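Chemist: with the input below, show me the fold.
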Amino acid sequence: MLDLMLHPGLILILVGFLALVAPKQLRRFIMIAGPLFAVVAALLLPLGTTWGFDFVAGYHVQLIYVDKLSWLFTFIFSVLAAICSIYAAHNENKMEALCSLSYAGCAIGVTLAKDWLCFIFFWEALAFTSLYLVWCNHTPESRRAGFRYLLVHMLGGNLLLFGIFLTVSGGNFEVGNLTAGPHGYAYWLMLAGMCVNVAMPPVNAWLVDAYGNSTLTGGVFMSCLTTKVAVYALVRVFAGTDLLMWGGALMAVYGASYAIMENDMRKLLAHHIISQTGFMVAGAGIGTGMALNGATAHAFCDILFKSSLFMCASTIIYATGIRRINEISGMMKRLPLVGLCFFVAAFSISGIPLFNGFVSKVITVHAAAEAGNHLLFSLLELASIGTFLSIPLKMGYFIFLRSDSKKVAIKRPVPVNMYAGMCIGAFLCTLYGVYPDLLYRHFAFEMAPYHPFTADKILQTAEMLGMAMVPFLMYLPKMEPHTAISLDTDWFYRKPFGFLVVRCAELFCALCGGLGNAWNVLYENFMGMTANPMNILDARPFRRVKHYSPDNYRTSIADPMMITLTVLVVSILYFISRIQ
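Modeler: Next up, the predicted model:
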């Protein structure tokens, strides 16, 4: 029972319910102290801890299973919840507080689950709680984005659920690696369901759509949980699947390419969630110890720098009310601390030495080279160039460094807790970049000793950054983004599906109208028949009578009297005959 009390996910869910019912001032304290307690609980979880209970028909639910892989994800999810809760402490929306903390708790629940039933329960709860972080924004765009988010996750969740049903029916109850086979329907259904959550093209547009329309604080939670939980699942269940290598490479290049064209700050960062997650998926596909550690390390570091980037973007939107890059400038003078935190996170995601992205991203890239897959190596390097081009250069210059030509006004002061969340995130990005052994010592897979700060790795990074900087400076006047619609892969299923829905709706409406008209005709005829019941009997003398009147149908009183007297006389005669 003590192990259950130390479950960080259940602690966060409980804290979310407490924040829902607590008064305003106490809610702020709960949102800050509760996640910190979850971090402490994660640190106190020893490796090898297990806890479960018997459910039905001999099925054993294993709610807690701690090994190196699950512990590392549990710890970073707890840290993320603490940072984001500090950042969101000023938010007065009780439902958002409940959903955001429960969302983080469900992510940890997936990570610590050992059996498939517990795994799918928290997986589905993850989608449900995150949905309300989109709908809590209370705009027409967020409502539509939320419904699209729901439809996509219903698809992915049901694919995974059907695959789990088939797996469990075959006698496999515990979450484990399935790459060795058999590669039946269950294998492919589960792989497809996880690829939906990881936002692999062509099912990737939901991420940018939903994250870009979520609440300012809810988007920070969303930026790091759904896709990273899916990365954990792929590493745990499908490590070594070749399909993931090329899917990850496609994600890395695809997301970076779309980010270069994007003008909305949070949607640009959402494209880079896809791109950076591609590195992790590719590492899971390579399947070597170095690649799997690289995927895990990059997921760990991405949670820190991606949440920091989203916090910076959300702070700017909170203070100015502006979302588009081409409508803003000079923020380094107006919000210098936000600018400092942004560039720390931007250098981290770009893999610049002494920041945490450098000590994690290069592991996967070099694992691809060591595996002899030079095409994959080149694609990942190309994606890294796109990252540096679109975030430190494009966002950094046009939002923070260029002259204050837009004259943007600060409409709302930034709360202290938002600054605190950003600074903590930036500090951790630097800490793990300077002391990578703080992360490396927790690797779950065997690999040769890895040293990131070597001359060849630093020189390779410098060459890559130079390849991105030169064209940016050469074409600087044309690099400012503009507002336009960028068609994504969802067009190929959203438009046909929309056409099908509209046509089916028209058909059903026409059918409903036809049935309604038919009912009206039957109703009017029935009313006519009830107005003159003798029409049913086709009574000739009364055909021309329009309305029923009982006087028209009554016969003479002599007839019933004659019948009555006849029956009476016959009855009397019968009784007299019986008496005699």
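Chemist: drop to CA atoms for contacts and neighbour counts, all remaining ones
Modeler: Noted.
Chemist: how about the helix or strand harbouring residue 387: buried residues?
Modeler: Using DSSP states H and E, residue 387 falls within helix 374-388. Neighbour-count burial for helix 374-388, counted by 16 or more other Cα atoms under 10 Å, picks out 376, 377, 379, 380, 381, 382, 383, 384, 385, 386, 387, 388.
Chemist: repeat that for stretch 567-580.
Modeler: Of the residues in stretch 567-580, none is buried (16+ other Cα under 10 Å).
Chemist: now do the helix or strand where residue 279 lies and helix 374-388, the angle between them.
Modeler: Secondary structure assigned from DSSP H and E places residue 279 in helix 265-286. Here helix 265-286 runs at an angle of 160 degrees relative to helix 374-388 (axes from the mean of the first three to the mean of the last three Cα atoms, to 10 degrees).
Chemist: which helices and strands sit right next to helix 265-286?
Modeler: helix 205-212, helix 226-237, helix 242-261, helix 289-320, helix 356-370, helix 374-388 (3 or more Cα pairs under 8 Å, 6 or more residues apart in numbering; DSSP states H and E).
Chemist: the fifth one packs against which elements?
Modeler: When you say that, I think you mean helix 356-370. Using 3+ Cα pairs under 8 Å, 6+ apart as the contact criterion, the elements in contact with helix 356-370 are helix 265-286, helix 289-320, helix 336-350, helix 374-388, helix 416-434.
Chemist: for that helix, what is the distance to the chain centroid?
Modeler: Centroid separation for helix 356-370 versus its chain: 27 Å, with Cα atoms, centre = their mean, to the nearest Å.
Chemist: give me the mean pLDDT for that helix.
Modeler: For helix 356-370, the mean per-residue pLDDT is 91.
Chemist: one step back: what is the orientation angle of the helix holding residue 279 with helix 205-212?
Modeler: On the basis of the same axes, to 10 degrees, helix 265-286 is oriented at 140 degrees to helix 205-212.
Chemist: and helix 265-286 with helix 226-237, angle?
Modeler: Relative orientation of helix 265-286 versus helix 226-237 (the same axes, to 10 degrees): 0 degrees.
Chemist: before we move on, back to that, extract the C-alpha set from the helix holding residue 387 and format it as PDB.
Modeler: Extracted in PDB, the C-alpha atoms of helix 374-388 (Å, rounded to 0.1, in the frame of the first residue of the first chain):
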ATOM      1  CA  HIS A 374      23.900   7.000 -43.900                       C
ATOM      2  CA  LEU A 375      20.600   8.100 -45.600                       C
ATOM      3  CA  LEU A 376      18.900   8.200 -42.200                       C
ATOM      4  CA  PHE A 377      21.900  10.100 -40.800                       C
ATOM      5  CA  SER A 378      21.700  12.700 -43.600                       C
ATOM      6  CA  LEU A 379      17.900  13.200 -43.100                       C
ATOM      7  CA  LEU A 380      18.300  13.700 -39.400                       C
ATOM      8  CA  GLU A 381      21.100  16.200 -40.000                       C
ATOM      9  CA  LEU A 382      18.900  18.000 -42.600                       C
ATOM     10  CA  ALA A 383      16.100  18.300 -40.000                       C
ATOM     11  CA  SER A 384      18.500  19.800 -37.500                       C
ATOM     12  CA  ILE A 385      19.400  22.500 -40.000                       C
ATOM     13  CA  GLY A 386      15.700  23.300 -40.400                       C
ATOM     14  CA  THR A 387      15.300  23.500 -36.600                       C
ATOM     15  CA  PHE A 388      18.100  26.000 -36.300                       C
END
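Chemist: name the helices or strands packed onto that helix?
Modeler: helix 242-261, helix 265-286, helix 336-350, helix 356-370, helix 455-474.
Chemist: average pLDDT for the helix holding residue 279?
Modeler: The predicted confidence, averaged over helix 265-286, sits at 94.
Chemist: on that earlier part again, of the helices and strands packed on helix 356-370, flag the one that's most buried.
Modeler: Among those, helix 265-286 has the highest mean neighbour count (mean count of other Cα atoms under 10 Å), at a mean of 29.
Chemist: for residue 43, give me its contacts.
Modeler: residue 75 (Cα atoms under 8 Å, 6 or more residues apart in numbering).
Chemist: cool, residue 80 as well?
Modeler: Residue 80 is in contact with 221, 303, 304, 307, counting by Cα under 8 Å, 6+ apart.
Chemist: on that earlier part again, from the buried residues of helix 374-388, pick the one nearest residue 323.
Modeler: Distance to residue 323 across the buried residues of helix 374-388 (Cα to Cα) is lowest for residue 387, with 19.8 Å.
Chemist: and the closest one, what's its pLDDT?
Modeler: On the pLDDT scale, residue 387 gets 91.
Chemist: isn't it right up against residue 348?
Modeler: No - here residue 387 lies out of contact with residue 348, judged by Cα atoms under 8 Å, at a distance of 10.5 Å.
Chemist: which ones are touching residue 185?
Modeler: So residue 185 contacts 163, 166 (Cα under 8 Å, 6+ apart).
Chemist: what pLDDT does the model give it?
Modeler: In this model, residue 185 carries a pLDDT of 92.
Chemist: low-confidence stretches in the stretch 101-250 of the chain?
Modeler: Applying pLDDT under 70 to the stretch 101-250 of the chain picks out no residues at all.
Chemist: count of neighbours near residue 333?
Modeler: Per other Cα atoms under 10 Å, the neighbour tally for residue 333 reads 14.
Chemist: grab the nearest non-local neighbour of it.
Modeler: Counting by Cα to Cα, 6 or more residues apart in numbering, residue 333 lies nearest to residue 400, which is 7.8 Å off, once chain neighbours are set aside.
Chemist: helix, strand or coil for the one you found?
Modeler: Secondary structure, DSSP: H, G, I helix; E, B strand; the rest coil: residue 400 is helix.
Chemist: assign residue 61 to helix, strand or coil.
Modeler: Assigned by three-state DSSP, the conformation of residue 61 is strand.
Chemist: what is the burial count for it?
Modeler: Applying other Cα under 10 Å, we find 21 residues neighbouring residue 61.
Chemist: please renumber the chain so that the first residue is 53 from this point on.
Modeler: In the new count, where the first residue is 53, that last one comes out as residue 113.
Chemist: from memory it sits against residue 172, does it?
Modeler: No - contact between residue 113 and residue 172 fails when scored by Cα under 8 Å: they sit 11.7 Å apart.
Chemist: thinking again about what came up before, relative to helix 408-422, how tilted is the helix holding residue 331?
Modeler: Using the same axes, to 10 degrees: helix 317-338 against helix 408-422 is 40 degrees.
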